[in-house]
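**Q** My questions concern the predicted model and sequence given below.
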Amino acid sequence: MGDPGDLIAACALLSLIALTRTLIWRRRINEGKEADRQGLIALFEQCNGRNWKQKRNWLTDNPIGEWEGIETNDAGRLLQCVLPTNNLSGSLPKEIGNWTQVLWVYFGNNNLTGSLPKEIGNWAQVKNVVLHRNNLTGSLPKEIGNWSQVKRVYLDDNNLTGSLPNEIGNWTQVKRVYLDDNNLTGSVPLTLGDWGEVGTVSFTYNNLTGSLPKEIGKWGEAYNVSLQHNNFTGCLPK
């Protein structure tokens, strides 16, 4: 038989390891929750929060899940920020990139201006992004290609410029993409052929040019593709 003292020491070591892992996990959860809160505070302060229509409990010490328009998971991490038609104005702060577990962001029908911060590329788990009917400007940051799980993207009715980044071809699970009524230029990237599950694509009323890549023929699930009112050349791909 082994030395009882060795057995006790081994059990104590295992208990210490388990405790350490638990403390590390709790610390990471708390750090994530605080980062989510700071992103919300920055949004409120930079986007006219004092004049929002719905702002109950915002900036209070209540859990952010009790702030109007916010939903969290059981651990208190931000899952949804839904504030449509709510008098949001000004530019989006980079701190909203703290929302690393967010699934749904809905800021449609507001008065947001300025460019999209590249930090929103940190929304790696996001499913739905609705920022339509604002006054957003600037180009689409390539970092949004990190939205590999996104299903719906609504960025229509803004003043976005520049070309479509190749990286958005990473949206391989996307179902609907609305980028119409902007000032986008350049050609359609070949990578968009990887949108194999897409059903609706709308690029109307932009300044897109060049020929349409044959790769979009892979959109086998597409039932609504709107590309008119651009400056495309060449023939439709078979």
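**A** Thanks, I have it.

**Q** bridging residues for the residue nearest to Ser226 when sequence neighbours are not counted?
**A** With CB to CB, 6 or more residues apart in numbering as the criterion, Ser226 has its nearest non-adjacent residue at 4.3 Å, and that residue is Ser202. For every residue, glycine as well, the C-beta is placed using N, CA and C. Residues in a beta bridge with Ser202, per DSSP bridges, are Tyr178, Ser226.

**Q** Check Ser202 and give its pLDDT.
**A** pLDDT for Ser202: 98.

**Q** now it: how far from Gly169?
**A** For Ser202, the distance to Gly169 equals 17 Å [CB to CB, to the nearest Å].

**Q** Could you tell me whether Gly65 really is in a helix?
**A** Yes. The assignment for Gly65 is a helix, going by DSSP: H, G, I helix; E, B strand; the rest coil.

**Q** In contact with it, which residues?
**A** Each residue near Gly65 by CB atoms under 8 Å, 6 or more residues apart in numbering is listed here: Glu71, Thr72, Gly76.

**Q** now with 6 Å?
**A** Contact analysis of Gly65 by CB atoms under 6 Å, 6 or more residues apart in numbering lists Thr72.

**Q** do Gly138 as well
**A** Applying CB under 6 Å, 6+ apart to Gly138 gives the contacts Ser115.

**Q** Just the pLDDT at it, thanks.
**A** The model's pLDDT for Gly138 equals 98.
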